[in-house]
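*Asks:* fold the stuff below for me.
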Amino acid sequence: MYPRLRDLREDHDLTQTKVAKLLNMSQTGYSKYETGENDIPTQVLIALADYYQTSVDYLLGRTDCPEPYPEGKKKDSP
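*Replies:* Just a heads-up that it's a prediction; the model follows:
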C-alpha cells in the first residue's frame, strides 16, 4: 500500500528495525505500515516526511514530486 515508504527506506540503506527505532516502535509495527496492514498515524507520517526530507503527500502517493513544500507555503487548493 505504501511502496514509497519501503523505497525511501531502502534508498537510505536502512532496515525496518532502524526506522522503527527512530520512531520508537517495534519492527513488526513498522512493517505493518509498509504493507498497509495498519494505517499510519498522522504524527508518524510527519516524522517520516521530516526524516526523509519530503512531503506527506509524496509518502502517500498523492504527488510524484519528492521535494517538501517550502516552509510556510501549502499546496494549492483545488
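
*Asks:* what's near enough to touch the most centrally placed residue in the chain?
*Replies:* In the chain, the centroid-proximal residue (C-alpha atoms, centre = their mean) is Leu48; its distance is 4.2 Å. Leu48 makes contacts with Leu5, Leu8, Val19, Leu23, Ile40, Leu59, as judged by C-beta atoms under 8 Å, 6 or more residues apart in numbering. For the C-beta atoms, the positions are set from N, CA and C on the backbone; glycine is no exception.

*Asks:* show me the residues you listed that map onto helices.
*Replies:* Leu5, Leu8, Val19, Leu59 (DSSP state H).

*Asks:* next, the residue nearest to the centre of the chain: phi, psi?
*Replies:* Dihedral pair for Leu48: phi -70, psi -40, per degrees, to the nearest 10.

*Asks:* so how far is Thr28 from it?
*Replies:* Relative to Thr28, Leu48 is positioned 17 Å away (criterion: C-beta to C-beta, to the nearest Å).

*Asks:* is it true that Ala47 touches Leu23?
*Replies:* Yes: with contact defined as C-beta atoms under 8 Å, Ala47 counts as touching Leu23 (6.2 Å).

*Asks:* re earlier: quick check: the two most widely separated of the ones in helices among the contacts of Leu48?
*Replies:* Val19 and Leu59 (12.5 Å; C-beta to C-beta).

*Asks:* right, I'll leave it there.
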